[in-house]
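> one predicted model, sequence on top.
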Amino acid sequence: LEDSDPDKFIADMGAEALYRLLSRLTLDELSFFLRHKANTETSQQRKNEALKRLRVVEAFRISKNVNKPEWMIIKVVPVIPPELRPLVPLDGGRFATSDLNDLYRRVIIRNNRLKRLIEIKAPEVILRNEKRMLQEAVDSLFDNSRKANAVKTDGNRPLKSLSDSLKGKQGRFRQNLLGKRVDYSARSVIVVGPELNLHECGLPKEMAAELYKPFIIRKLIERGIVKTVKSAKKIVDRKDPVVWDILENVLKGHPVLLNRAPTLHRLG
């Protein structure tokens, strides 16, 4: 099509296209459109969909420049520490490795191959195919269980991805965090709280002061109330009134992950 043709369009694919579209979003206009749609829509299902989208848009609008829609597309893949994906030496000079290492290796190989193709200015059709393969490798790294063509071992077993290491009874949360003592955790007797909302839980003041001690100490130093960590600890241990004021502010930005034992169900 000619440049002046009104039907001319640019076709794109993958995360690049999504990133470009998200960066062009005008949140104020989208919010107005969704509000109008929610008010005028006759179908309850479409009305609920508009309200659901509106909640996300409003969350971005409230945060203003702190969060942007295009930031939902990650550009850098996080690599977990080696201790969580060990390489164990076996007899005979062989090694037993974590499935995650294989999945990371696939991402690195395809990323380097794409980099070389870009450097030699390969045709666009080859670059697109390589980008698609890289995206598939990243998808497998994050969640390999949902894919029909999951990456498998020589024994035809699907490799365990990052999401597999988090979910279930043997996952990081239930096995490691809820199963033993860790920092920023506490155990207590559960009681009723009629004044609390469904999404709220109450913490005993003494327990909260101990749990959030590092945050309180930092705020005491930032405000110039104390100059050293040692003197800040003394104030926290004495439970001075300023401690409770700081604790209230700290709690607003730190949600609580609550578990009521025994956790017998996956939704527990």
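Arrived safely. Numbering: from 1, shown residues only.

> number of nearby residues for residue 265?
As a burial measure, residue 265 scores 6 neighbours (other Cβ atoms under 10 Å). Just so you know, the C-beta spots here come from the backbone N, C-alpha and C atoms, and that holds for glycine as well.

> pLDDT at it, what is it?
We have a pLDDT of 70 for residue 265.

> go on, residue 179?
65.

> separation between residue 23 and residue 14?
15 Å (Cβ to Cβ, to the nearest Å).

> cool, and residue 242?
Residue 242 is 53 Å from residue 14, by Cβ to Cβ.

> can you pull the contacts of the residue lying closest to residue 159 once chain neighbours are set aside?
Closest residue to residue 159 apart from its sequence neighbours, by Cβ to Cβ, 6 or more residues apart in numbering: residue 99 at 4.0 Å. For residue 99, the contact set (Cβ atoms under 8 Å, 6 or more residues apart in numbering) comprises 153, 159, 160, 161.

> give me the buried subset of those.
Among these, those classed as buried by neighbour count (16 or more other Cβ atoms under 10 Å) are 159, 161.

> return the distance of the most centrally placed residue in the chain relative to residue 87.
With distances taken as Cα atoms, centre = their mean, residue 72 lies nearest the centre of the chain, 9.8 Å away. Relative to residue 87, residue 72 is positioned 33 Å away (Cβ to Cβ).

> residues near residue 134, how many?
Number of residues near residue 134 (other Cβ under 10 Å) recorded here: 20.

> hmm, residue 111 and it touching each other?
Yes. The pair residue 134 / residue 111 is scored as a contact, 5.9 Å apart, by Cβ atoms under 8 Å.

> hey, C-alpha coordinates of stretch 28-43 in CSV?
Coordinates of each C-alpha in stretch 28-43 appear next as CSV, following Å, rounded to 0.1, in the frame of the first residue of the first chain:
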residue,chain,number,x,y,z
ASP,A,28,-7.7,8.9,31.0
GLU,A,29,-9.4,8.3,27.6
LEU,A,30,-9.6,4.5,28.3
SER,A,31,-11.0,5.1,31.8
PHE,A,32,-13.7,7.4,30.3
PHE,A,33,-14.6,4.8,27.6
LEU,A,34,-14.8,1.9,30.1
ARG,A,35,-17.0,3.9,32.5
HIS,A,36,-19.4,4.9,29.7
LYS,A,37,-19.5,1.2,28.5
ALA,A,38,-20.2,-0.1,32.1
ASN,A,39,-23.0,2.4,32.5
THR,A,40,-24.7,1.8,29.1
GLU,A,41,-24.0,-1.9,28.5
THR,A,42,-27.1,-4.1,28.7
SER,A,43,-25.3,-7.4,28.9
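
> tell me which residues of it come out buried.
Here stretch 28-43 shows 30, 31, 34, 37, 38 as buried, counting by 16+ other Cβ under 10 Å.

> in strands, which of those residues fall?
Using DSSP state E, no member of these sits in strands.

> looking at those, spot the one nearest residue 61.
Closest approach to residue 61 among these (Cβ to Cβ): residue 31, at 6.2 Å.

> in what helix or strand does the closest residue to that closest one other than its chain neighbours lie?
The spatial neighbour of residue 31 that comes closest, neighbours along the chain excluded (Cβ to Cβ, 6+ apart), is residue 57 at 5.1 Å. Taking DSSP states H and E as the criterion, residue 57 maps to helix 44-63.

> count the neighbours of the residue lying closest to residue 173 once chain neighbours are set aside for me.
Distances taken as Cβ to Cβ, 6+ apart place residue 166 nearest to residue 173, at 6.4 Å, with adjacent residues excluded. Around residue 166 there are 11 other residues, counting by other Cβ under 10 Å.

> ramachandran angles for residue 166?
Main-chain dihedrals, residue 166, degrees, to the nearest 10: phi -100, psi -40.

> isn't it right up against residue 175?
No. The criterion here is Cβ under 8 Å, and residue 166 misses it with residue 175 at 10.0 Å.

> so residue 244 is in which element?
Element membership for residue 244, per DSSP H and E: helix 241-252.

> list the buried residues for that helix?
By neighbour count on 16+ other Cβ under 10 Å, the buried set for helix 241-252 is 243, 246, 247, 250.

> and stretch 219-232, by the same measure?
219, 220, 226, 232.
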